[in-house]
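Colleague: Structure, please.
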Amino acid sequence: MTTQKYIIFDFDGTLVDSVDLAVEIYNKIAPKYNCKPVQHEAREILSSKNPQKFFKTYGITPFKLFLLVYRIRRELGKHIPHIEPVKGMEKALRSLRNHGYKLGILTSNSKSNVEDFLDHNHLRGLFSFVYSGRKLLGKDVSITALLKKEKIQKKDVIYVGDETRDVLAMKKVDIPVIAVGWGLTPPEKLSSLLPDLLLASPENLNPEAVEKLFRRA
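Modeller: Purely as a prediction, here's the structure:
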């Protein structure tokens, strides 16, 4: 009997290019919370190994972070009809699903936003589950909770994400991680963290590459 294999995806920056929109929303609401708007260099700080540096620089306390995340999620929801998958991602997802892999999403966005996006783009049927982790900086905790809920073994999972925290979190829990170079974090920074695989485009996210990684795990 063949064991079911799972590929779990990050959402923002991996499946959709929503980072710039999120920053735009943040800049609009930041003054209401006495936080500094961000400029172009903020993307570099956000993609660093230490997101706390960003929070300190821009005056974001833990309580303000909670409020900001809630507001940004709510505002992002209004833009769902205008957000599209990263170019080439839909084809990659369908190919993986057709080869028998089960797909899931682990995100710090809201579950309703992600499901609305999937419905709007006719992708809901490709995914077995959507899990919204409450810990913005603790994806290791979130994926552990997800696997327990879905009764999935770590050996049967590969995670796909675009941030340094994705790579670091999966290494912490010993889950193979594919880093993608089209999201928030520059490929050279991702490469320095030694992900199990670093991809330049969705076209490289194919069943052959995934199967090789499962065999190595």
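
Colleague: what's the spacing between the lengthiest helix in the chain and its chain's center?
Modeller: Secondary structure of the chain per DSSP state H: the longest helix is helix 62-78. From the chain centre to the centre of helix 62-78 is a distance of 17 Å (Cα atoms, centre = their mean, to the nearest Å).

Colleague: Dump that helix to PDB, restricted to CA.
Modeller: The C-alpha trace of helix 62-78 is given here as PDB (Å, rounded to 0.1, in the frame of the first residue of the first chain):
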ATOM      1  CA  PRO A  62       2.900  42.800  20.100                       C
ATOM      2  CA  PHE A  63      -0.600  44.300  20.800                       C
ATOM      3  CA  LYS A  64      -0.400  46.600  17.800                       C
ATOM      4  CA  LEU A  65       0.800  43.600  15.700                       C
ATOM      5  CA  PHE A  66      -2.400  41.700  16.600                       C
ATOM      6  CA  LEU A  67      -4.600  44.700  15.600                       C
ATOM      7  CA  LEU A  68      -2.600  45.400  12.400                       C
ATOM      8  CA  VAL A  69      -2.800  41.700  11.200                       C
ATOM      9  CA  TYR A  70      -6.500  41.700  11.800                       C
ATOM     10  CA  ARG A  71      -7.000  44.900   9.800                       C
ATOM     11  CA  ILE A  72      -4.700  43.900   7.000                       C
ATOM     12  CA  ARG A  73      -6.500  40.500   6.700                       C
ATOM     13  CA  ARG A  74      -9.800  42.200   6.600                       C
ATOM     14  CA  GLU A  75      -8.700  44.700   3.900                       C
ATOM     15  CA  LEU A  76      -7.000  42.000   1.900                       C
ATOM     16  CA  GLY A  77     -10.300  40.200   1.800                       C
ATOM     17  CA  LYS A  78     -11.900  43.200  -0.100                       C
END
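
Colleague: For that helix, which helices and strands make contact with it?
Modeller: Counting contacts by 3 or more Cβ pairs under 8 Å, 6 or more residues apart in numbering; DSSP states H and E, helix 62-78 is packed against helix 19-29, helix 111-120. (Each C-beta comes from the backbone N, C-alpha and C, glycine too.)

Colleague: So for stretch 20-37, what gets flagged as buried?
Modeller: Leu21, Ala22, Val23, Ile25, Tyr26, Ile29, Ala30, Tyr33, Cys35 (16 or more other Cβ atoms under 10 Å).
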